Every structure is written in structure tokens, then in C-alpha cells.
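>>> Sequence below, structure please.
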Amino acid sequence: MMEFHRQPNTFVDLVNIKVSDLSRALTFYQEIIGFQVLERSERSATLTANGRTPLLVIEQPDPVIAKQPRTTGLYHFALLLPSRADLGRFLNHLLQSGYPLQGASDHLVSEAIYFADPDGNGVEVYADRPSSSWDWSNGEVKMSTEPIHAENLLAEGKDEPWTALPPETILGHIHLHVANLFEAETFYIEGLGFNVVARLGNLS
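Residues are numbered from 1 along each chain as shown. Next comes the predicted model:
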């Protein structure tokens, strides 16, 4: 929930990604996702949902190297919508646009839709369930990856068309690919001071 994205909590509020064609990327981020352009230069653009707060910077370096799949670095960045109805509207919009999805999941604490931009940068758009319903035990929250109830989600968002990201949209989190999970965990816990709040999959 958005209360986790407030001081004194530590959170990510802006991400910078590289693209190979700025104009193509802008078309995607404006028309498919619904960002507004806050600032624009010849090789970069800063995007916003509310016209004031930067959430995403897209940059076309010279030269640019195409993103390689399943290598260390960004897995995806995630946009947190204010409500489940917003997520339903967004899913309706994606399906109507014909833009390819990579997946959709129910994580118990949230429902999420996954796809990639034209350069292969991963994008998640999701909505949280109320944090009062989250199941915590010994400092960790119960999560899973289950099929999403797409028909129910679409029905909840059918009353209004998707026109743009809601102004209350924030950057919810980022996921990274790492070469060694245990070394990365040690770095983020002992080096940066993070706590583990969830583990997914077989880590043995």
C-alpha cells in the first residue's frame, strides 16, 4: 500500500532506463501506459503521472547497447495504481490495444500485469490489496504467484475507459536480476541495511 512509500520509510520514487529510440519509447509510454511528458530534451525525457512528480526518465545514449535478456540489471520496474478498478481499466486498455502481455499474477498482497517496452525493459503495473489483509509471520509477509482472476478484474474496470495513468500513481518497486542470489542478499542486508520481508521459490 502507498503508506509504505512515505517517510521515514526508504523507497524508490524514480527510475532511469535506457532505450534505443526515444521517439518510439515515448509513443509507447504515452499511448500504451498513459504517462505525461514533464521534460524533454534531444536524448531524454522525464515522465510523470500527475504533471509534477517525475516517475520515469527514459534516455537514448550514444552509442546504445540493446538490452540482453536474463542478464544482471533491471528485471522490471513496477507502477502502483491507486485501486483495483484502475488495474481493471488498464488491463481492458491493454487487451483492446493488442499490446502483448508477458503474464499476470495474483501475489496475495497484490495483483499484477507484466509486459515489456519496445526495448525489452520489463514493466509491471499492479494494485495492492489492503495491507490489513496481508498475512505476516516472523517479520515476513506471505506471498505467492497464482493465476489472476482476469474476468473479475476486467468487470471491475469496465465502467470507465483508460485515458491516462491516475495522478496518484507511484513507483511501487523495482526487481533486479542478480548473478548470485546469496551474495546479493548479503550485500543488501549487511551492506545497505535492508530486511528480508518475503521469499519466493525454492532457494535451497
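>>> How many residues are close by Leu108?
Look at Leu108: counted by other CB atoms under 10 Å, it has 17 neighbours. (Glycine included, C-beta is placed from N, CA and C.)
>>> Return the set of buried residues in the biggest helix by length in the chain.
Across the chain, the longest stretch assigned as helix under DSSP state H is helix 84-97. Across helix 84-97, burial judged by 16 or more other CB atoms under 10 Å covers 84-94.
>>> how about these in CSV, adding distance to Ile65 and pLDDT?
Formatted as CSV, the buried residues of helix 84-97 follow (distance: CB to CB, whole Å; pLDDT from 0 to 100):
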residue, distance to Ile65, pLDDT
Arg84, 38, 96
Ala85, 40, 96
Asp86, 35, 97
Leu87, 33, 97
Gly88, 37, 97
Arg89, 36, 97
Phe90, 31, 97
Leu91, 32, 97
Asn92, 36, 95
His93, 31, 96
Leu94, 28, 95
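>>> Redo the residues you listed as CSV? Include distance to Leu14.
Formatted as CSV, the buried residues of helix 84-97 follow (distance: CB to CB, whole Å):
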residue, distance to Leu14
Arg84, 25
Ala85, 26
Asp86, 21
Leu87, 22
Gly88, 27
Arg89, 25
Phe90, 21
Leu91, 25
Asn92, 28
His93, 24
Leu94, 24
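>>> helix/strand/coil for Asn152?
helix (DSSP: H, G, I helix; E, B strand; the rest coil).
>>> And for it, the neighbour number?
Neighbours of Asn152 (other CB under 10 Å): 11.
>>> Distance check, it against Glu111.
Asn152 sits 10 Å away from Glu111, going by CB to CB, to the nearest Å.
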